[in-house]
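K.L.:
Requesting a structural model of the entry that follows:
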Amino acid sequence: MRPPRKVTGAMAGEKRVETTAPKPRRTRWVLFAIAGVLLVSAGVFLLCVGRWLVVEDPLEKAQAIVVLSGRMPVRALEAAKLYRNGYAPKIWLTHSTEPGATLGAMGISYLGEDGYNVQVLTHEGVPVGAIRVLEPPIVNTADELEAVSAALTQEKEKTVIIVTSKVHTRRVRILWHRIAKGRGQAVVRAASDDPFVPGRWWRTTGDALDVVREFLGILNAAAGMPLRPAN
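P.N.:
Take a look at the predicted model:
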């Protein structure tokens, strides 16, 4: 009988290559699976983030209705509706110095957003005596909520209804719990005539920008607000 043939180093190497060949294919399948999970997660996020950003508290009687700055006149109109329905005897407005200060330096008169909101409210039947403009001047939402919580310390009742836009409601609630620190209760409400569509926010550039801004703002609040508005 012929003795068994020895396996040379080259042949052994070929066998090793054959046994390790399936590994790159397995790696590709793992990468495809991870990519699929990421794509599905991104799709779920896109579908759900708009709805997640919109949150409202049950209505109840309050000391005042607060109109946050921005999106005239829908927020003021909602506040007037709540006032007429007897939810609070007062309406508070916040006061922004911009762009009035910059325009004033140019000799251009500007009534200010709070001034226009006063006109909207009185047009809707709210008496001037029921409207109060809070101080100090504000720059962003955090400043507004600081002013509101400070005003609440001077009141017997410690509940306010805060009216804002739909997409802004969750960030307002998060910031209130961080800023107010038990000094009062906020009932966060969205303006009912706000055109934001939570389930289709990606269809318009305005809604898409709002969602991105709110999501980044919530991340900033969760991180302790390291990012501050520019001076």
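
K.L.:
which regions of the protein sit below the pLDDT cut-off?
P.N.:
Applying pLDDT under 70 to the chain picks out residues 1-23, 30-46, 230-231.

K.L.:
What separation do you get for the residue positioned nearest the centre of it and Val187?
P.N.:
Residue closest to the mean C-alpha point of the chain, counted by CA atoms, centre = their mean, is Glu214 at 3.2 Å. Distance, Glu214 to Val187, by CB to CB, to the nearest Å: 19 Å. C-betas here are computed from N, CA, C, even on glycine.

K.L.:
ditto for Thr94
P.N.:
Taking CB to CB as the measure, Thr94 falls 17 Å from Val187.

K.L.:
quick one, which of those two is more surrounded?
P.N.:
Remark: of Thr94 and Val187, Thr94 carries more neighbours, 25 against 22, as counted by other CB atoms under 10 Å.

K.L.:
And the helices in the chain, which stretches?
P.N.:
In the chain, the helices defined using DSSP state H lie at 9-20, 22-53, 74-84, 100-105, 113-123, 141-152, 169-180, 205-222.

K.L.:
of all those, which lies closest to Ala191?
P.N.:
helix 74-84 (4.1 Å; CB to CB).

K.L.:
now for the closest one, which elements pack on it?
P.N.:
strand 64-67, strand 91-93, helix 113-123, strand 159-164, strand 185-190 (3 or more CB pairs under 8 Å, 6 or more residues apart in numbering; DSSP states H and E).

K.L.:
hmm, who's touching the fourth one?
P.N.:
Identification of contacts with strand 159-164 by CB atoms under 8 Å, 6 or more residues apart in numbering yields 59-68, 70-71, 75, 78-79, 82, 87-88, 92, 145, 148, 152, 172, 176, 184-191.

K.L.:
rewinding a little: the helices and strands packed on helix 74-84: which one's closest to Trp52?
P.N.:
strand 185-190 (13.7 Å).

K.L.:
Figure out how far the closest one is from the centre of its chain.
P.N.:
A distance of 14 Å separates the centroid of the chain from that of strand 185-190, by CA atoms, centre = their mean, to the nearest Å.

K.L.:
Numbering from 607 from now on, please.
P.N.:
Right, with 607 as the first residue, what we last looked at is strand 791-796.

K.L.:
Just the C-alphas of that strand, formatted as PDB.
P.N.:
Extracted C-alpha coordinates of strand 791-796, given in PDB (Å, rounded to 0.1, in the frame of the first residue of the first chain):
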ATOM      1  CA  GLN A 791     -48.500  74.900  39.000                       C
ATOM      2  CA  ALA A 792     -48.700  75.400  35.300                       C
ATOM      3  CA  VAL A 793     -51.500  74.100  33.100                       C
ATOM      4  CA  VAL A 794     -49.900  73.900  29.600                       C
ATOM      5  CA  ARG A 795     -52.400  74.400  26.800                       C
ATOM      6  CA  ALA A 796     -51.900  74.700  23.000                       C
END
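
K.L.:
rewinding a little: as JSON lines, the helices and strands packed on helix 680-690 with distance to Gly805 would be great.
P.N.:
Output for those, formatted as JSON lines (distance: least, CB to CB, whole Å):
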{"stretch": "strand 670-673", "distance to Gly805": "27"}
{"stretch": "strand 697-699", "distance to Gly805": "31"}
{"stretch": "helix 719-729", "distance to Gly805": "29"}
{"stretch": "strand 765-770", "distance to Gly805": "20"}
{"stretch": "strand 791-796", "distance to Gly805": "15"}
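
K.L.:
if you compare the ones you listed, which one is most tucked away?
P.N.:
The highest mean neighbour count among the helices and strands packed on helix 680-690 belongs to strand 670-673 (a mean of 29), with neighbours defined as mean count of other CB atoms under 10 Å.
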